[in-house]
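**Q** Quick one, fold the following:
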Amino acid sequence: MTAGKTAVLLLNVGSPDKPKLWQVWKYLTQFLNDKRVIDLSWPLRTLLVNLIIIPFRLFRSTQLYKRLWTEKGSPLIIYSQEMAEKLEKLPGVNIKVFPAMRYGNPGYKEAITKIEAGGFNNLFVMPLFPQYAMSTTGTAIEAVNKEIRKRKLDVRLIIKDQFYDHPLFIKAFVAEISKFPPSSYDHIIFSYHGLPCRHLEKCHPGISPADCQCDQYMPDYGNHCYRAACYGTTRLLAKELKLGAEDYTVAFQSRLSKNWMAPFTDAVLLESLSKGYKRILVAAPSFVADCLETLIEIGEDYHKLFKEAGGEELQLVSCLNSGDLWIKAMAEIICDRMNYN
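**A** Here you go, the predicted model:
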């Protein structure tokens with residue numbers, strides 16, 4: 001690690017403070033009005049989000065968060081805080097770790113205030129999204145940069161914008177998947193959070209998602225193609241797990257319309273039944289911490305869908321959360337980037 005005091009800012013999306021209508025409304029308003037999340041013109045985004053999307057989603061979203069909530073609160077917040085605590089205590093890693101959310105609490109501005117007061121020389125920013133997307137990593141980095149410029153903070157800034165191909169990240173996810181031996185299931189689905197197709201088109205202008213071959217290799221037109229990174233993650237996991245191409249499918253979840261990344265995870269699950277796959281293992285390698293999309297969307301809603309359609313078992317693999325191997329992976333990612341920079 002380089003000389004001087006080093007602060008590490010771990011950034012995730014965020015969560016409402018409570019599973020109550022007012023708190024969920026506040027969270028969704030901040031989240032969905034972000035121009036990098038819904039990349040429409042300001043007038044259109046404002047009307048669409050505040051007059052259509054939020055009013056129609058508010059009650060259902062609140063009910064979903066009520067199902068997710070634990071006695072300690074939001075799993076995403078809990079696991080993010082545990083990651084920070086364990087990372088800071090690792091032997092030989094002399095850093096101060098600040099967990100923060102892009103939206104909601106604990107907020108990134110509050111974390112930067114503490115970092116400023118602490119007199120740190122180095123600030124390592126690590127958005128907790130393995131594959132870069134403008135609506136996750138992109139907006140987190142932009143927000144932090146804007147706040148640092150606003151405060152005229154004199155600090156050496158180091159950013160890790162994706163880590164989908166880091167060997168220890170892959171090893172940590174393989175360890176979680178291996179808790180449910182893939183050979184005892186009919187098929188594996190690697191489910192990633194989806195994006196609007198127009199977000200993908202911005203990665204490679206002039207090439208439609210249908211014509212893009214980034215499911216086969218990392219394209220020459222840049223290393224920030226989200227779809228390419230998702231398929232790249234899958235290939236690395238499949239290699240370590242010794243899976244053949246016929247053993248798994250890549251799919252995308254959490255769509256808001258048909259013009260999102262395909263194939264859709266729920267559709268793939270139903271199609272699996274027609275192929276005779278009755279026992280399915282699902283891993284979600286675009287999430288490092290279990291959250292609404294894993295525990296509720298896959299673990300409960302997709303599970304119910306699959307069982308009611310005739311499936312026998314749908315097993316969700318836990319995310320990395322605050323597991324020891326993942327904490328070691330984070331430390332190595334940070335140290336490698338600090339030394340390289």
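**Q** tell me which residues form a beta bridge with the closest residue to residue 77 other than its chain neighbours?
**A** Closest residue to residue 77 apart from its sequence neighbours, by C-beta to C-beta, 6 or more residues apart in numbering: residue 15 at 5.5 Å. (C-beta placed from N, C-alpha, C; glycine too.) Bridge pairing for residue 15 (DSSP bridges) gives the partners residue 104.
**Q** so how many other residues sit close to residue 15?
**A** 27 (other C-beta atoms under 10 Å).
**Q** Please apply the same query to residue 44.
**A** Neighbours of residue 44 (other C-beta under 10 Å): 10.
**Q** that older thread, how close does the residue nearest to residue 77 sit to residue 175?
**A** Going from residue 15 to residue 175 by C-beta to C-beta, to the nearest Å gives 26 Å.
**Q** distance of the nearest residue to residue 324 once chain neighbours are set aside from residue 142?
**A** Nearest residue to residue 324 in three dimensions, chain neighbours excluded: residue 86, at 7.7 Å (C-beta to C-beta, 6+ apart). For residue 86, the distance to residue 142 equals 28 Å [C-beta to C-beta].
**Q** Validate this expectation: the residue nearest to residue 324 resides in a strand.
**A** No - under DSSP: H, G, I helix; E, B strand; the rest coil, residue 86 falls outside any strand and is assigned helix.
**Q** okay, it: pLDDT?
**A** Note for residue 86: predicted pLDDT of 97.
**Q** List the buried residues for stretch 304-320?
**A** 306, 311, 314-320 (16 or more other C-beta atoms under 10 Å).
**Q** Just the CA coordinates for it, please, in CSV.
**A** Taking Å, rounded to 0.1, in the frame of the first residue of the first chain, the C-alpha atoms of stretch 304-320 are listed here in CSV:
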residue,chain,number,x,y,z
LYS,A,304,-42.9,-19.4,-6.9
LEU,A,305,-43.3,-18.9,-10.7
PHE,A,306,-41.0,-21.9,-11.4
LYS,A,307,-42.7,-24.2,-8.9
GLU,A,308,-46.2,-23.3,-10.0
ALA,A,309,-45.2,-24.1,-13.6
GLY,A,310,-44.1,-27.6,-12.7
GLY,A,311,-40.5,-27.1,-11.5
GLU,A,312,-39.2,-29.2,-8.7
GLU,A,313,-36.5,-27.0,-7.2
LEU,A,314,-35.1,-23.5,-7.7
GLN,A,315,-32.0,-22.9,-5.6
LEU,A,316,-30.6,-19.4,-5.2
VAL,A,317,-26.9,-19.1,-4.5
SER,A,318,-26.1,-16.5,-1.9
CYS,A,319,-24.1,-13.5,-2.9
LEU,A,320,-20.6,-12.8,-1.5
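**Q** Contacts for it, please.
**A** 79, 172-173, 176-177, 179-180, 185, 266, 269-270, 272-273, 278-284, 287-291, 294-295, 298-299, 302-303, 326, 329 (C-beta atoms under 8 Å, 6 or more residues apart in numbering).
**Q** Which of the residues you listed fall within helices?
**A** 79, 172-173, 176-177, 266, 269-270, 272-273, 303, 326, 329 (DSSP state H).
**Q** What is the most widely separated pair among the residues you listed?
**A** 273 and 329 (35.4 Å; C-beta to C-beta).
**Q** higher neighbour count, those two?
**A** residue 329 (22 against 16).
**Q** since we're on the nearest residue to residue 186 once chain neighbours are set aside, how many residues are nearby?
**A** Excluding its sequence neighbours, the residue lying closest to residue 186 (C-beta to C-beta, 6+ apart) is residue 277, at 3.9 Å. Neighbours of residue 277 under the rule other C-beta under 10 Å: 20.
**Q** for the stretch 151-300 of the chain, which spans come out with low pLDDT?
**A** 204-223 (pLDDT under 70).
**Q** Strands of that one, residue ranges please.
**A** Per DSSP state E, counting those that start in this stretch, the stretch 151-300 of the chain carries strands over the ranges 156-159, 187-193, 248-253, 279-283.
**Q** Out of those, indicate the one that is most buried.
**A** strand 187-193 (a mean of 26; mean count of other C-beta atoms under 10 Å).
**Q** Show me where the protein has its helices.
**A** 21-32, 42-47, 54-68, 75-89, 108-117, 139-151, 167-177, 197-203, 226-241, 265-274, 303-308, 324-340.
**Q** Buried deepest among the ones you listed, which one?
**A** Scoring the helices of the chain by mean count of other C-beta under 10 Å, the most buried comes out as helix 226-241, with a mean of 22.
**Q** That helix - contacts with which helices or strands?
**A** Judged by 3 or more C-beta pairs under 8 Å, 6 or more residues apart in numbering; DSSP states H and E, helix 226-241 is in contact with helix 167-177, strand 187-193, helix 197-203, strand 248-253.
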